[in-house]
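**Student:** return a 3D structure for these sequence lines:
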Amino acid sequence: MADLMEALWDVVLGNRLLRWFFIGLLIGLVLIGYMIWSGSDMEAADALMGIVVSGILVLGLRLLLWFFSH
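**Tutor:** Reported below is the predicted structural model:
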């Protein structure tokens, strides 16, 4: 199990696109956590969708910036 986790960690750190996706997931997790802590009534499916969409948006923004800079 530790070898699998180490291999996945190497893939994430080695691939810049995946790294930006996971940064977006972390941003989404923080934002959703703040919203829930503030008292927002949110279901688990909505929270999960918000976290994943945040990851996709950050990845899309990074791809857009890469496209216009090259």
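**Student:** next one: residue 2 from residue 9, what distance?
**Tutor:** 10 Å (Cβ to Cβ, to the nearest Å). Yep, even glycine has a C-beta here, placed from its N, CA and C like the rest.
**Student:** correction: residue 44
**Tutor:** For residue 44 relative to residue 9 (Cβ to Cβ), the value is 27 Å.
**Student:** ok, the two, which is more surrounded?
**Tutor:** Using other Cβ atoms under 10 Å, the more surrounded residue of residue 44 and residue 9 is residue 9, with 10 against 7.
**Student:** so the more buried one is in which element?
**Tutor:** Assessed by DSSP states H and E, residue 9 sits inside helix 2-14.
**Student:** gap between that helix and the chain center?
**Tutor:** The chain centre lies 17 Å from the centre of helix 2-14; the measure is Cα atoms, centre = their mean, to the nearest Å.
**Student:** other SSEs contacting that helix?
**Tutor:** helix 16-37 (3 or more Cβ pairs under 8 Å, 6 or more residues apart in numbering; DSSP states H and E).
**Student:** tell me which helix or strand comes right after the helix it packs on.
**Tutor:** Later in the chain than helix 16-37, the nearest helix or strand by DSSP H and E is helix 44-69.
**Student:** now that following helix against helix 16-37, angle please.
**Tutor:** Put simply, helix 44-69 runs at 140 degrees to helix 16-37, going by axes from the mean of the first three to the mean of the last three Cα atoms, to 10 degrees.
**Student:** check which helices and strands helix 44-69 sits against.
**Tutor:** If you count contacts as 3+ Cβ pairs under 8 Å, 6+ apart, helix 44-69 packs onto helix 16-37.
**Student:** residues in contact with the helix it packs on?
**Tutor:** For helix 16-37, contacts defined as Cβ atoms under 8 Å, 6 or more residues apart in numbering pick out 11-13, 42, 47, 50-59, 62-63.
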